[in-house]
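Novice: only the shape, not the letters, is given here:
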């Protein structure tokens, strides 16, 4: 497993972080996880980094990283992950900043660390870096849809630097792992309750209708198939056609069905609702299936 801290850094935030890292004179930044020679490139120069995937190496803890030669590609791969701190840098592109992280490979709880000779020193070093990040960075964010800005929720796992937050106030997008149509929005901690009150969860919709056309199978693996359904009069639209996930028994032409839709929160399609699941209804299972769908999808 890994101990990790998800970070979001503008270049100025990264420079401040690496200045702290390099206060240890024995620390270097390894700038690639593979090399044509056993000697891996490393640097202490802040402006000499191109790779987004780096490792922090303290020669006082690990005098020489272990490498492995891979004959099939005639390259050397960096090992000793448990005695190096992974540093994934934040990608900066087109007025957006993505997340990175610092991470340390550790043993399972209750089990010895992978390298008992370096485990204590590496844990102390990693924890010290984490304390600095939490003291100087912020984690007061809402993760919200760019397409529907009122759809979002509290996000506590990302720690962003002050310059990244300043740039976000100037219109830059702060991006997490997830849909590219979502962004992180900073708020002052004292305003948390008022800010969160302005956001909501995505809505789901459950409708009953009848199959008027059965289309192609979109994915065997995902059990997804296109159906055109005429919906009951209380639905917000009279008919819908799209790919639904379906479990057996597969609905046939003329069958009564229950359809679940998700609110369109990404804007990839013009329709306000996205097809999600379709289930065949029979007199024997109708109430049970509808109750199960309401519970599963919180309709």
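Specialist: Thanks, I have the structure now. The shown structure was predicted, so the numbers you read here are calculated from the model rather than taken from an experiment. Numbering: from 1, shown residues only.
Novice: how about the helices in this structure?
Specialist: In order along the chain, the chain carries the following helices (DSSP state H): 11-21, 119-136, 162-169, 192-196, 286-297.
Novice: show me what the second one is packed against.
Specialist: When contacts are defined as 3 or more Cβ pairs under 8 Å, 6 or more residues apart in numbering; DSSP states H and E, helix 119-136 sits against strand 2-8, helix 11-21, strand 85-88, strand 100-105. Every residue, glycine included, has its C-beta placed from N, CA and C.
Novice: picking that back up, so which of the helices of the chain gets nearest residue 223?
Specialist: In terms of Cβ to Cβ, the element of the helices of the chain nearest to residue 223 is helix 286-297, at 15.6 Å.
Novice: the closest one packs against which elements?
Specialist: Based on contacts counted as 3+ Cβ pairs under 8 Å, 6+ apart, the elements that helix 286-297 packs against are strand 204-219, strand 256-263, strand 273-280.
Novice: now the longest one, how far from the chain's geometric center?
Specialist: When you say that, I think you mean strand 204-219. Taking Cα atoms, centre = their mean, to the nearest Å, one finds strand 204-219 lying 30 Å from the centre of the chain it belongs to.
Novice: try the second one
Specialist: Centre-to-centre, strand 256-263 and its host chain are 27 Å apart (Cα atoms, centre = their mean).
Novice: what pairs with that strand, parallel or antiparallel?
Specialist: Taking DSSP bridges as the criterion, strand 256-263 forms sheet pairs with strand 204-219 (antiparallel), strand 273-280 (antiparallel).
Novice: save the helices and strands packed on helix 286-297 as JSON lines, and put in distance to residue 31, mean pLDDT and mean neighbour count too.
Specialist: Formatted as JSON lines, the helices and strands packed on helix 286-297 follow (distance: least, Cβ to Cβ, whole Å; pLDDT from 0 to 100; neighbours: other Cβ atoms under 10 Å):
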{"stretch": "strand 204-219", "distance to residue 31": "40", "mean pLDDT": "97", "mean neighbour count": "15"}
{"stretch": "strand 256-263", "distance to residue 31": "42", "mean pLDDT": "98", "mean neighbour count": "21"}
{"stretch": "strand 273-280", "distance to residue 31": "42", "mean pLDDT": "97", "mean neighbour count": "20"}
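Novice: noted, bye for now.
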